[in-house]
Structures are given as structure tokens and as C-alpha cells.
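Trainee: Need a 3D model of the following:
(chains A and B)
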Number of protein chains: 2
Amino acid sequence: MTSGRSGELSKRTLENLRYLLDPRSVAVIGASRSPIKWGSIILKHVVEGGFKGEIYPVNPNEQTLMGFKAYPKVPEETDLALIVTPAKTVPSLLRECAERGVKSAVIISAGFGETGKEGEEREKELVRIAEEGGLPFVGPNCMGVFSATSSLSALMASVKPLKGNISFLSQSGNLGTQLLDRGTYYQLGFDVFVSTGNEAFLRCEDLIEVLRERKSTKVILAYIEGVKDGRKFFEVARRTSPTKPIVVLKVGKTRAGSRAAKSHTGSLSGSGQVYTGVFRQAGVVEVESTEDLLKVAMALEQPLPQNNQVIILTRGGGWGVTAADACREDLVEVPPPPPHILEEMNSFMPPYWSRGNPIDTVAELDPSLEFKILKTIEKWEAGGLIVLGGLDAYATRFLDGELRKVYVREVQMPLIKRLIALNRRGKTVFAVALKPLDKSRPVKLLRKHHIPVYFSPEDAGRAYSKLMEYKRMRERLKRTGEA
Amino acid sequence: MTSGRSGELSKRTLENLRYLLDPRSVAVIGASRSPIKWGSIILKHVVEGGFKGEIYPVNPNEQTLMGFKAYPKVPEETDLALIVTPAKTVPSLLRECAERGVKSAVIISAGFGETGKEGEEREKELVRIAEEGGLPFVGPNCMGVFSATSSLSALMASVKPLKGNISFLSQSGNLGTQLLDRGTYYQLGFDVFVSTGNEAFLRCEDLIEVLRERKSTKVILAYIEGVKDGRKFFEVARRTSPTKPIVVLKVGKTRAGSRAAKSHTGSLSGSGQVYTGVFRQAGVVEVESTEDLLKVAMALEQPLPQNNQVIILTRGGGWGVTAADACREDLVEVPPPPPHILEEMNSFMPPYWSRGNPIDTVAELDPSLEFKILKTIEKWEAGGLIVLGGLDAYATRFLDGELRKVYVREVQMPLIKRLIALNRRGKTVFAVALKPLDKSRPVKLLRKHHIPVYFSPEDAGRAYSKLMEYKRMRERLKRTGEA
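Mentor: As a prediction, this is how the structure comes out:
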């Protein structure tokens, strides 16, 4: 275990912490003229990201940088200092920040607890400075922070995340920024991203607490190699998950993965089973892969299903089978249509229709059928609906030019609007677009209304199960909380 | 269970079967002038696919169709008849095929065993005709066939698969053609695709036998809802898998999925556990999702690893951890570097490098480091190498215009060539491109040499484990086969 802070955050630290994600001014300590230095890359990202407050490049050898006045020392009115200088210089610079009343810091520089004895000592010094000065900091050895509300993009990687309601804490900067980037493919918007690095001072669990109170965050994601304060993590998570879902990918579960995590961020991974048990008790949704963080986040933006029944509407038998198979039987029921629905469907479906759920629209080229089906489904009390194909670019693959445009305008868009209306009236709706990374008009409209769009039937079924898992855990927490 | 043929295929049927995937001539029975009828769509796909043999549209009311002479009846010299007419007309048309000496048929039309009593009777009649006439047929209720060697694209969907060595049998036409299409995103080439439909006559297990003997097929994929002749499937698979890997997705494992499969193709899914046991004994690699069929197929094009050790080379700690975690510990070892490798690495790596495996190139911007690492790795006896990032479009995200071009030419391409050389000398190589569906020059070159390229570290680790699983099963089968 690397060095770390000793206990709870002081009152002054907590007050300062509010500025980390909503700073009125940002100083880049180590800003530079050389285009291949991190100091200049990060300054560039802050500027290009359209940060709403003041920007102070700090470099004693420059007058201006990127058109901004450069400062020899960090200005006293700085809310957030980004430190991007060689490891050896960081302690004295952080001390200067504390002395000049800077509110918060992100230490991007590497060369601390992750590199051996000398680095560990240096990291301990940072913690002492922060504790004495009431100056909360993220890192060291991290890749920066993003905050949608301030248009702050203080990141090493040149990603431009969509703005939205998902917040993401990552103990890996590279992996974190890559997922931030990949969110764009799912048209998933982010509110906050923090690359937590070595977590010498601010830890994942502290930041979950911050995000719990943050109105613009609806779902919290975390990539975790190891938790420093297990008890606090559990308590914070347990208090957060009844109102805001937390989705966690815990890695380092194998021997090789655990060794790799230790050398990466100095984390002790601990037993995978212990973590899984803790997560479940705290109402945390656990996922098994990086990509699933995004897929499940998308699901959790939907309203919780009113019951455990789901209708699957499909344009192909195989898709229906795989989607149904992917629904976890202990959480999701895919029941046959009740008699009144069956009767109504029989009145307009072709005689050979399957009379089951998944409802197969039997590849009929007659689009009016889908409108009739959706109208009938409205009267079916099942809490959720998964729509496979028909509503995306893939559905138009048989059609040429003009015919495709007419189809999109006259069939797809009205169908989408009906789905959105159904969703507004309380049915949980998931869609599957069968062309990967589809950004067609229908898919965009669905995403605009926070309806998840997956690129395979299994993804939809699995994510729906995760939404139900969260619902079940939340109900249990609320029950035991009241008792 | 729907109707089906009674026993083994006759000698004459087996002889005719050779023409199914390598026909010298194709008749489209039900070809039409109307652009929204399947008969015309399929004719169009055959023509546009560049079929190498003769094309005979069959329609008694037309003189020519799409520039081809139209025939009132199927010509006697037809090797493959595609039947796309209403269900009621199919038995007499198939009889005509048999009487006129047509070698093989694909019945695309629906309205048979999947639709109830009357359809079942009709399907039985097809089987009788085929058995009497020695005329093997695929379907009914299917979406067609594709064969790279003949450039035959007799499909309902307008997909243009890349040509290659993967063959795919699918009991779902929609899902099958969608995956065929999606293969393009992984730059995965196909040799044969058969949508097997109701499998009234030719079954998945018959076609595996055909593919076993087919030189251009290196890997066999199958999407299975239910197997008609379990014993034959087992025997064929067991004889095939020691020389050619078979990858299966078996669906209908949940109650809802099983009901859906029954109404889709009339398959009885049977117990998932029983299937899993049979697959394992027969050396079949089982996967859990449609997308995994493609991901694992890509892995199985690589040479089998010479031992169970793998080296992971990464540009980011988190990626390394997740990739290592995804390697199944019972199959793949991610060992620390042996002393002679460690010593060599220490001589050129920065002092704070992790000294472990995954080898983290520590986000150094100095590209010569990666060349040195690859050179050192050549002397490490581990059978496999997984390279994460650095070799793909994502790696160049920090670089602008001209600088990017120079980097690709001077750094990435030489690195790729070194990897390919390493692969040729017997090391199994997997790569991860961190931009989804990356089609950059480096990725294209890797794929051209059949090196798998995944879009997430977990996918690489999981697929590598599947390759090892196949290796292990194959060794066991060869041992017991000799005993």
C-alpha cells in the first residue's frame, strides 16, 4: 500500500473541495511553449474545451502562452491548480498553492508512490501539505478531470466527451479517457470524469460522496483496482445507491491482474469475492468489462421498470431468441401475451404469427403492422419493452436512395415518436440498432430522449437485467433502511 | 419437432451435394420484375455478387429479367435451384427440379413446419421428394447461401461479406446475415455461409461434414437453436474438431429463449447443460453471444500457441490489468519476465518501469522504446503476445496532420512489420486497437496477415483463452483418438 492521508477530510478541505469540479479559475502549473510537453497539451485542452472561467498558465520564463498572460507563480485567486511538472518539483509547488490560498489541485505528474521508496516519501509529503493546508488534491499520477457544468476539459488525452448526466471515476487514466471517448459511440453524455491516479489524498469514495450531492449527476461509474478505505467506501456507497446508482468494474481479480494492478497504481486488489459481497450489500451494480460500464450506465438512465415483465418486439426470430436468452431468469420475465393482448394481435397479424413473446413481426414488409403492434402493446401491463431492429439504419438496408428517405420519414420516425411517448407514460424502453455505432436520425432521436440503444440483442437483454438488479437492490436497501 | 428426413443421405444425394456450394449454374425460381419481391431481390444479389457461372431466372411470364434470358421451367443443366415462390407452389416446383436432374436446391420460401399442421405436411412432402430424387436441399424458411469460391451471394439481405476462410452455418437467417455483415467491421473474411432454416432435409451436422472436407474453410461457426440428430452432430463434430475448429453459439437456454426458439424454427432446444457437455466432449468451442462467434473465429485463425504463457505489452496500466484479468487462469499464464529478459529490459527501460508482465511502456513518447521491447520479447519463450494500443489509430490521437503521417510511417508501420515477422516465426500474436472498428493502415496490415485485432483489452484476453481452450481439447481428442 502506498502512503495515504490519515483520516476524515477536515471542514476546510470539504469547503475547498466544492471548487474542484466547479472552479471559477484554473491555473496550469508547468504550462509550456513546446507542443509535445504535457503542460502545453493540457493547457490546449482546457482552452479548446471552452472553459468558462479564468485561465492562468504558470511558467516563470514566459510572458504569454496561447494568448493568455503567463504567471511566475500560481495566482492567489486560483480555484483549481493543475500541476504538470517533474515529480521532484511538485511538493514545493503544492506548498506554494496551499500558502497562496488555492482551493484545490489535480496533480498529473507521475513519479510518486507507484515508483518505489523515494516516490513514496514524496507522496507522503504531498499528503502532509494537503492536510496542513486544507487543500484537497486529486492524483498524483493521473490524467486529469472533466466537468461538463464548467466546460472544463483538463485532460491529457484529447477527448471531447458529450455532456450529460453520467459521472465516471477511474483509477486508470488511459482506460478512463478511452471510455470517455467511446461514450460518444453510444451517444452517452458525461457530467464529471476524474482520473483518480494514486489516490494519495482524494479517493474514489470521497468523490462518490461529492457526486451524490451533485444535481447534474444521475449515474456514477467507477473503475476500481483497489479501495483504500473499504469501510468508508461501503458506507458512502450504501447511502448513495438508494437514490443514485453506482456501477463498478473491479479489476485485479486474477493473480496476474492483481500483480499488474499493484505495479500500476500501488493498489492492493484484495479478494474478488469479498468485493462482490460488499458491492451487493451496498447496492452497487457490478459489471465484468470496461465496455459494460457504458452499456449499463445507458440502461440506468431509464426509469425503473414497474414490474419484472418485459416484452420483446423483434424483426427476426434469432434476434428474439438471443435477446430472451440474455435476460436473467431470476430478474426478468419474458411472459407469453395475456389473453386480451393475444386476441387483439390475432385480429391483425398474419395467421402464422408465433403467438408468443418475443413478438416476431415476421419480416413483413407492411409497416402498418408495427404501428398496430405498438398500439396493442400499450395495453399490456409489462413494465418494459425491448425493440430489436426496425427502428434503425439497418432496417433500411434493402431500400435505395429516395425510397429509404420516404421510409425513414413516414415509417421509422413516427414509430420512434410512438416509442418515446410510451416511454414517457412510464414503460421502460430499450432499443437495439443492428448496425454498430449507428448514428442515423432515428437512433439519435431515441438517444436524445435517453432511451438506450444497443448494437446487439444480448447487450440489451443483459443491460435490462442489470437495471432490474439495481431495482431489486434498491428496494431492499430502502426496506432495511426504514426498518 | 417438425418433420425431417428419415436417415443417412444416399450416395446420389451426397454426390449432388457437392454442387450446393460450388454450382456451375444457378436458377432463381420465382425471379420477378417487381423490385420489392424477394425473387427479384435475390436475383439482384446473385448478379451483383459477381457469380461466376450461368444464371437462369425462372418465370413463365417473362422473356428476360435483369438482362438474362428467362425460362418457363428450371433448365435441366441447373446445379443449384433457389426457390422463392409461395409455400403452396414449392412442392411441385421441387418435384420438377428432381425430375429434370437439378443437383441441389435452396428453399427460401416460408410457410412450412414453422407455421402449424398444414405447413408441416407440406414440409414432409418436400422431404419425400428430396429422398426419392436424391436432391439435397437447404431450408425451407431460410435466407440463402453464400460461397466465396464461386462468388455466389444468393441471399435475401444485401450484405457483401469479405472473402476469407471462415464458414458459418446459421439456424437464424436474419441474425446470420447480420453477423456476416458485421464481420466486415472486424475485417473477417468468409468462405461459406448457409442459412439452414427449418433443416427439413440438410442439417447443420450434414453441412459441418461438407465443410470438414472443404480446403478453403479453416474455421467453422454455427448458430444453433436445436440439433435434430444429436448423435450424428456429436460424431461429425468429434471427427472434425481435431483438424478444424468448430465454434458454436447454442441459444434457447432459458425458458423464454427456448419457447422463442421453438416458435422460430420449430427447434427443441433441450437442456443447455447437456449441450455444453456434448460440445466439450466433441472438442467444440462454445461461446456465449453472437458477437463472440466473430471474435473467437478471428482468434482461431492464429497458429496454436506453443505453450500456455502469454506476454501482454501495454501503453497504459489499466489496459494491462483488464487484459490480464480476462485471461482465464486455468488456461493462460501471464508470468513475470524471466531473469534474462528482466536484465535486458532494465538496461534500456526508465528506472521506474514496473518490471512485470503486463509490460507497461509507461506512456513514454520515445518510440524507440517499443522497438527495443519487441526485440527483447523475441527471446522470451512465451507462446503468445497481446499488444494493447500503440499500433492503431488511437495511438496517434495526440498528433496533428503531418506529425501523424510521419509517426505512422516511421514508427507504427515498422512496429507492425516486426510483429508480423514475430508471428511468422511461430509466436501467436493478438492486437488491440482502442478505437472501435478501426480501419487504419496499421490495423489493415495486421488483419491482412490474419492477426486478430480487438477493440477492447478484455476481448483479446477472452478470445486468447478460447484459443487455448481449443488447443487443450484438441490435444485431448488426439490423445484419446490414438489410444
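
Trainee: alpha carbons only for contacts and neighbour counts from here, please
Mentor: Will do.

Trainee: Could you verify my assumption that A:Glu288 touches A:Leu249?
Mentor: Yes: the pair A:Glu288 / A:Leu249 is scored as a contact, 6.1 Å apart, by C-alpha atoms under 8 Å.

Trainee: These two: which is more packed in?
Mentor: For A:Glu288 and A:Leu249, the more surrounded residue by other C-alpha atoms under 10 Å in any protein chain shown is A:Leu249, and the numbers stand at 20 against 14.

Trainee: tell me the contacts of A:Gly164?
Mentor: Residues counted as contacts of A:Gly164 (C-alpha atoms under 8 Å, 6 or more residues apart in numbering or on different chains) are A:148, A:188-191, A:216.

Trainee: Which single one of those is nearest to B:Asn174?
Mentor: Among the contacts of A:Gly164, A:Leu188 lies closest to B:Asn174 (C-alpha to C-alpha), at 28.0 Å.

Trainee: Please verify my assumption that the closest one contacts A:Met298.
Mentor: Yes: assessed by C-alpha under 8 Å, A:Leu188 is found in contact with A:Met298 at 6.9 Å.

Trainee: and A:Val387, how far is that from B:Val219?
Mentor: For A:Val387, the distance to B:Val219 equals 32 Å [C-alpha to C-alpha, to the nearest Å].

Trainee: among the contacts of A:Gly164, which are within reach of chain B?
Mentor: With C-alpha under 8 Å from any C-alpha of the partner chain as the criterion, the contacts of A:Gly164 include none near chain B.

Trainee: what about A:Ser263, distance to chain B?
Mentor: For A:Ser263, the distance to chain B equals 6 Å [C-alpha to the nearest C-alpha, to the nearest Å].

Trainee: Let me see the contact set for that residue.
Mentor: Taking C-alpha under 8 Å, 6+ apart, we find A:Ser263 in contact with A:114, B:354, B:356.

Trainee: Tell me how chain A divides into domains.
Mentor: Chain A breaks down into these domains under automatic domain parsing: A:11-299, A:303-472.

Trainee: Buried deepest among those, which one?
Mentor: Highest mean neighbour count among the domains of chain A (mean count of other C-alpha atoms under 10 Å in any protein chain shown): domain A:11-299, with a mean of 21.

Trainee: avg pLDDT for it?
Mentor: Here domain A:11-299 scores 94 as its mean pLDDT.

Trainee: how far does it sit from the chain's center?
Mentor: The chain centre lies 14 Å from the centre of domain A:11-299; the measure is C-alpha atoms, centre = their mean, to the nearest Å.

Trainee: and the end-to-end length of it?
Mentor: Length of domain A:11-299, first residue to last, C-alpha to C-alpha: 36 Å.

Trainee: Which strand runs longest in chain A?
Mentor: The single longest strand within chain A, with elements called by DSSP state E, is strand A:162-170.

Trainee: quick one: A:Met349 from chain B, how far?
Mentor: A:Met349 is 13 Å from chain B, by C-alpha to the nearest C-alpha.

Trainee: OK, contacts around the residue nearest to that residue when sequence neighbours are not counted?
Mentor: Of all residues not flanking A:Met349 in the chain, A:Leu369 sits nearest, at 7.3 Å (C-alpha to C-alpha, 6 or more residues apart in numbering or on different chains). For A:Leu369, the contacting residues are A:348-349, A:361, by C-alpha under 8 Å, 6+ apart.

Trainee: ok, now how distant is A:Arg462 from A:Pro436?
Mentor: The gap separating A:Arg462 from A:Pro436 is 17 Å, by C-alpha to C-alpha.

Trainee: What are the boundaries of the helices in the stretch 1-150 of chain A?
Mentor: Using DSSP state H, counting those that start in this stretch, the helices of the stretch 1-150 of chain A run over A:11-21, A:38-48, A:90-99, A:117-133.

Trainee: Adding distance to chain B as columns, could you present those helices in a markdown table?
Mentor: Converted to a markdown table, the helices of the stretch 1-150 of chain A look like this (distance: least, C-alpha to the nearest C-alpha, whole Å):
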| stretch | distance to chain B |
| --- | --- |
| helix A:11-21 | 24 |
| helix A:38-48 | 9 |
| helix A:90-99 | 17 |
| helix A:117-133 | 10 |
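
Trainee: Can I get the ones you listed in TSV including distance to A:Ile373?
Mentor: Formatted as TSV, the entries for the helices of the stretch 1-150 of chain A read as follows, by distance: least, C-alpha to C-alpha, whole Å:
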stretch	distance to A:Ile373
helix A:11-21	47
helix A:38-48	48
helix A:90-99	64
helix A:117-133	62
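
Trainee: out of those, nearest to A:Thr376?
Mentor: Here helix A:11-21 is closest among the helices of the stretch 1-150 of chain A (C-alpha to C-alpha), at 47.0 Å.

Trainee: helices or strands next to that closest one in the packing?
Mentor: Helix A:11-21 sits against strand A:104-107, with contacts defined as 3 or more C-alpha pairs under 8 Å, 6 or more residues apart in numbering or on different chains; DSSP states H and E.

Trainee: ok, the biggest helix by length in chain A near chain B or not?
Mentor: Identified as the longest helix of chain A according to DSSP state H is helix A:457-482. Yes: using C-alpha under 8 Å from any C-alpha, helix A:457-482 comes into contact with chain B via A:Glu458.

Trainee: which helices and strands does that helix pack with?
Mentor: Packed against helix A:457-482, as judged by 3+ C-alpha pairs under 8 Å, 6+ apart, are the following elements: strand A:285-287, helix A:290-300, helix A:317-326, strand A:428-432.
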